[in-house]
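Student: below: sequence and its predicted model.
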Amino acid sequence: MNKHSLYALAGSIWGLVGLFLMIRGVMMYQVALETQNATQTALAIAIALSIIMGVAKGRFVLSKTARRNKTRIENIEGPLKVHHVYAKSFYFLIAGMILLGVSLRAFNEYLGGYVVVGAIYCGIGLALMVSSLTYWKREPQPAVVENP
């Protein structure tokens, strides 16, 4: 496995998880409309906020994390393995995010219902999809200066 394969794997995982969260969020919007009597206005506001927050978080927060991970991968010496795609500490963060997602769904009524939880899911999903582009971009190589 080479470094570009790890970049592609990391970007694919972030993009697919982001897509999965977006789909889950849209399904929550549907549940909010059908079972929790959410209004069209609340849904429109939730969608608009999830788009704004998702793009901003993806562009300015998670893309920095992706760049740091790319740098970490770039600095790995020796044979590369699949588990090198993310740092060990990142796997604990993933487990925490899964627990947070389960908690949000379980306590959705205390948070404003599935329309709010759906907005959170869609926003985080969009942020992951936006920031996954970082893994696909080629970093510009520093210019080589020749001495005369």
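Tutor: Received the coordinates, thanks.

Student: count the neighbours of the closest residue to V82 other than its chain neighbours for me.
Tutor: Closest residue to V82 apart from its sequence neighbours, by CB to CB, 6 or more residues apart in numbering: M1 at 6.6 Å. For glycine as for every other residue, the C-beta is placed from the backbone atoms N, C-alpha and C. Neighbourhood size, M1 [other CB atoms under 10 Å]: 12.

Student: gap between stretch 113-130 and the chain center?
Tutor: Between the centre of stretch 113-130 and the centre of its chain there are 10 Å (CA atoms, centre = their mean, to the nearest Å).

Student: sorry, slip of the keys, the one I care about is stretch 34-49.
Tutor: Put simply, stretch 34-49 sits 23 Å off its chain's centre (CA atoms, centre = their mean).

Student: can you list the weak-confidence ranges in the chain?
Tutor: 139-148 (pLDDT under 70).

Student: now do the helices in it.
Tutor: Ranges of helices within the chain are 3-35, 40-57, 63-74, 88-106, 108-111, 114-136, based on DSSP state H.

Student: okay, the ones you listed in JSON lines with distance to L80 and mean neighbour count next?
Tutor: Compiled in JSON lines, the helices of the chain are given as follows (distance: least, CB to CB, whole Å; neighbours: other CB atoms under 10 Å):
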{"stretch": "helix 3-35", "distance to L80": "6", "mean neighbour count": "17"}
{"stretch": "helix 40-57", "distance to L80": "29", "mean neighbour count": "16"}
{"stretch": "helix 63-74", "distance to L80": "8", "mean neighbour count": "16"}
{"stretch": "helix 88-106", "distance to L80": "15", "mean neighbour count": "12"}
{"stretch": "helix 108-111", "distance to L80": "41", "mean neighbour count": "14"}
{"stretch": "helix 114-136", "distance to L80": "15", "mean neighbour count": "23"}
